[in-house]
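Peer 1: Model the following, please.
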Amino acid sequence: MSGHSKFANIKHKKEKNDAAKGKIFTIIGREIAVAVKEGGPDPANNSKLRDVIAKAKANNMPNDTIDRGIKKAAGDANAVNYVSITYEGYGPNGTAIIVDALTDNKNRTASNVRNAFTKGGGNVGTTGCVSFMFDQKGQIIIDKEECELEADDLMMMALDAGAEDFAEEEDSFEILTAPDDFSAVREALEAENVPMASAEVTMVPQNWVELTSEEDIKKMNRILDLLDEDDDVQAVYHNWDE
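Peer 2: Sure thing, here's the model as predicted:
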């Protein structure tokens, strides 16, 4: 993993999110609703909800907004039922793209996702067509400027908690875990007050694709921007080496 920092990308996303907090809060609100429905409203007994709350705090969601979302999901029997769907497809020059969505209208979401791919010169493929090129991992990114620990101490703390891999980049540390160990590692770091710029279960590409043509870069950005604007889209993973 070394030499391929995603921290700049996360900072870029955060800046975009700050300009459109409504979008990220919508995403997290849906994740809270699903987590509460699956495991109940008490974070102490619901590790998925604990992880979503940590993600909410990393994105500066106010505590009262988080609490309202939990109460609403727990108390409203008529709450919208969101269905989780994953789309896979190709962008310019064979780039691989995975789209995770939570929706109350599958037809609308499928149409919007297909439209985003088409407008960027890509196409939606069949299930499994690109996911084999990614590994599902828990990924924790720590901003060096925010962290007071030495690299070796942080690495040992992460590995002792069950992390698989630790990488030091120019401006950040990256910790990778198996998906099942993610919550335990994140909570171990949280207990030591380690500040996390990002903490989530994600899809990590096994290989990266460079786009050298200006036209291809423009098309890829078109796909990603359209997906980013869609409220049903929760996360987008790709192997474009930006």
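
Peer 1: From now on I want contacts and neighbour counts done on CA atoms only, so please keep to that.
Peer 2: Noted.

Peer 1: Can you show me the helices along this protein?
Peer 2: Under the criterion DSSP state H, helices of the chain are mapped to 7-19, 21-39, 47-58, 63-75, 106-119, 151-161, 182-191, 214-229.

Peer 1: Output the longest strand belonging to the protein.
Peer 2: For the chain, the strand with the greatest residue count under DSSP state E is strand 134-143.

Peer 1: Can I get that one as CSV, trimmed to CA atoms?
Peer 2: Taking Å, rounded to 0.1, in the frame of the first residue of the first chain, the C-alpha atoms of strand 134-143 are listed here in CSV:
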residue,chain,number,x,y,z
PHE,A,134,-11.1,-5.0,-5.2
ASP,A,135,-10.6,-6.3,-1.7
GLN,A,136,-13.1,-5.4,1.0
LYS,A,137,-11.1,-3.8,3.9
GLY,A,138,-11.6,-1.7,7.0
GLN,A,139,-9.6,1.4,6.3
ILE,A,140,-8.6,4.1,8.8
ILE,A,141,-6.8,7.2,7.7
ILE,A,142,-5.1,9.4,10.3
ASP,A,143,-3.8,12.9,9.5
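
Peer 1: low-confidence ranges in this structure?
Peer 2: The model of the chain has pLDDT under 70 over residues 1-21, 77-79.

Peer 1: domains for it, by residue range?
Peer 2: 7-75, 83-132+207-238, 133-205 (automatic domain parsing).

Peer 1: thinking again about what came up before, with respect to residue 81, which of the helices of the chain lies nearest?
Peer 2: helix 21-39 (8.1 Å; Cα to Cα).

Peer 1: Show me what the closest one is packed against.
Peer 2: Contacts defined by 3 or more Cα pairs under 8 Å, 6 or more residues apart in numbering; DSSP states H and E place helix 21-39 against helix 47-58, helix 63-75.

Peer 1: between the last one and helix 21-39, how big is the angle?
Peer 2: Put plainly, it is helix 63-75. Interaxial angle, helix 63-75 versus helix 21-39 (axes from the mean of the first three to the mean of the last three Cα atoms, to 10 degrees): 40 degrees.

Peer 1: all numbers from here: first residue = 44
Peer 2: In the new numbering, first residue 44, that becomes helix 106-118.

Peer 1: Show me what helix 106-118 is packed against.
Peer 2: For helix 106-118, the packing partners by 3+ Cα pairs under 8 Å, 6+ apart are helix 64-82, helix 90-101.

Peer 1: how about residue 252, what does it touch?
Peer 2: Shown in contact with residue 252 (Cα atoms under 8 Å, 6 or more residues apart in numbering): 138, 282, 283, 284.

Peer 1: Please tell me how far residue 233 sits from residue 97.
Peer 2: Distance, residue 233 to residue 97, by Cα to Cα, to the nearest Å: 9 Å.

Peer 1: More neighbours: which of these two?
Peer 2: residue 97 (20 against 13; other Cα atoms under 10 Å).

Peer 1: Just give the closest residue to that one, not the sequence neighbours.
Peer 2: Distances taken as Cα to Cα, 6 or more residues apart in numbering place residue 242 nearest to residue 97, at 7.7 Å, with adjacent residues excluded.
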